[in-house]
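*Asks:* Pasting the sequence and the predicted coordinates here, then a few questions.
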Amino acid sequence: MTGSAFTLAAAPRGQVYSCEGCGKCCRGYFAIAATAADADRIRAIGWDDDPALAGVPLFTGSGDKQFIAHRADGACVFLDDDNLCRIHKRCGEDAKQVACRLYPFILVPEGTRARMDIRFDCPAVAASRGAALSTHAAGLRAMLPSVLPDDAVRLPAPPLFGRVTVGWPALLRITDAVLALLAAPKLDLTRRLTAVVTLSATLRSRRIADLDGGKLDEVLNKVVARLLAAAKEDPLTRVHPGGVNLLLFRQVLGVYGRADRIGERADVGERFRHAWRMLGGRGTVPPLQADFPEVPFAALEGMFGVPEGEAAAALTRYYRVKLQALGFCGVPFYHRSFLDGLDGLLLTYPLQLWFARLFAAGRNLPALDAPAVHRALEVLNHQFGITPLLNLPTERYRHTQLTERTTLRALVVWYGS
Ligand code: SF4
């Protein structure tokens, strides 16, 4: 018994994770909210015998709108020198705030089921190290009542596109078709994703909404077979995505490349200079984050080849998890429709490959390797579906422009080969 209106769906396959205690998620990237009762409970543990916490404010804000305080270096006040949580060490995991216990998992409502999604900004997730996700099911099941309110079962399925609704069963059938394309044997990842770009564009038809389950399966099977046959013959001709589109693309990269930290005073001048350099695309890439190497923009526009080996495997795992978890549309992605969310997910491919190229070029590599892709996954997924910036009208406009079928395909091929 979970005491929740939700049941937990089967865990996504092919991805593993165990916390390695690196402490990255406790170093100022997340605001951990607390009610007055939460704050009183944690204060009552008594911290004055700990020299690091004696007399230190533990929370900011007041009443039911409080947040766990951060030190001057951005780290959570409860983070100990050994990268472990002081609350956890003293009172056990259950004493921590639910957001801290949940990370890096996300629970996505789908009718009465909760899908298990996971954030790839955690290094252990990006590199897929640890235990099968199914081993975390019991802990997540226990958290369901705290994470998903019972009335969330009434949330409607996102529309297929615009105002065209088809309901969860049809959306799940379409998700299976996308997963079938992603799993296509003997096809590289770039060709598989170009096929998904075409599928997404093909499904933007009101006629899809009129098909019943069996007929929809029939149509999807035929379309998938046709797309696979076409993808096998696809020469992946690199067509320049267009000057204006690359300009918009670099602006979106600038948003995804940010890693603002709580308590860090924003240097508005520096932020403006970085944005200006991203817009211009000349000279070297600005250091949006401390580990961004100084690489000329021009060095990232050539051919790096299609991702292979662990570089391709890591990206494939990422897309499989996001699809199985439905972590790309509706609630997890700014309440966008299924196909807008799918296009947003497809756009992450050239975006992540641009970051991966940056990290590979910083080590003078002519092709992508696993560390470059793992780091790119971390960078992008700190923002995907999370930052409110990506939901602003300007970003929605850029998203619409860049996910137009021809442009999106050009970007996928340009950075994916
Ligand atoms: S970032 Fe990931 S591995 Fe590091 S402490 Fe947080 S959950 Fe654990």
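*Replies:* Nice, thanks for sending it over.
*Asks:* So for stretch 185-203, what gets flagged as buried?
*Replies:* 187-201, 203 (16 or more other CB atoms under 10 Å). (C-beta placed from N, C-alpha, C; glycine too.)
*Asks:* Alpha carbons of it, as PDB, please.
*Replies:* Output of stretch 185-203 as PDB, limited to C-alpha atoms (Å, rounded to 0.1, in the frame of the first residue of the first chain):
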ATOM      1  CA  PRO A 185      19.200  -2.200 -35.700                       C
ATOM      2  CA  LYS A 186      22.100  -1.400 -38.100                       C
ATOM      3  CA  LEU A 187      21.200   2.300 -38.300                       C
ATOM      4  CA  ASP A 188      23.300   5.000 -36.700                       C
ATOM      5  CA  LEU A 189      21.600   7.400 -34.200                       C
ATOM      6  CA  THR A 190      21.600  10.400 -36.500                       C
ATOM      7  CA  ARG A 191      19.600   8.400 -39.200                       C
ATOM      8  CA  ARG A 192      17.200   7.100 -36.600                       C
ATOM      9  CA  LEU A 193      16.500  10.600 -35.300                       C
ATOM     10  CA  THR A 194      16.000  12.000 -38.800                       C
ATOM     11  CA  ALA A 195      13.300   9.400 -39.200                       C
ATOM     12  CA  VAL A 196      11.700  10.500 -35.900                       C
ATOM     13  CA  VAL A 197      11.800  14.100 -37.200                       C
ATOM     14  CA  THR A 198       9.800  13.000 -40.300                       C
ATOM     15  CA  LEU A 199       7.400  10.900 -38.100                       C
ATOM     16  CA  SER A 200       6.700  13.900 -35.900                       C
ATOM     17  CA  ALA A 201       5.900  16.100 -38.900                       C
ATOM     18  CA  THR A 202       3.700  13.300 -40.500                       C
ATOM     19  CA  LEU A 203       1.600  12.900 -37.400                       C
END
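*Asks:* Quick check: the two most widely separated of the buried residues of stretch 185-203?
*Replies:* Pairwise distances across the buried residues of stretch 185-203 peak at 23.3 Å for Asp188 and Leu203 (criterion: CB to CB).
*Asks:* quick one, what contacts the nearest residue to His136 once chain neighbours are set aside?
*Replies:* Nearest residue to His136, sequence neighbours excluded (CB to CB, 6 or more residues apart in numbering): Phe105, at 6.8 Å. Listed by CB atoms under 8 Å, 6 or more residues apart in numbering, the contact partners of Phe105 are Met116, Asp117, Ile118, Arg119, His136, Leu140.
*Asks:* let's go with 10 Å and repeat that
*Replies:* Phe105 sits next to 11, 17, 116-119, 122, 125, 133, 136, 139-140, 143, 147, 325 when contact means CB atoms under 10 Å, 6 or more residues apart in numbering.
*Asks:* Please list the members of those residues that lie in helices.
*Replies:* Among the contacts of Phe105, the members found in helices (DSSP state H) are Val125, Gly139, Leu140, Met143, Val147.
*Asks:* Closest to Glu310 out of these?
*Replies:* Among the ones in helices among the contacts of Phe105, Val125 lies closest to Glu310 (CB to CB), at 14.6 Å.
*Asks:* ok, the closest one - how many residues close by?
*Replies:* Neighbours of Val125 under the rule other CB atoms under 10 Å: 27.
*Asks:* I'd guessed it sits against His136; true?
*Replies:* No. Contact criterion CB atoms under 10 Å: Val125 and His136 do not qualify, at 11.4 Å.
*Asks:* shared neighbours, these two?
*Replies:* Tyr17, Ser18, Cys19, Phe105, Ile118.
*Asks:* List only buried entries from those.
*Replies:* Among the shared contacts of Val125 and His136, those buried by neighbour count (16+ other CB under 10 Å) are Tyr17, Phe105, Ile118.
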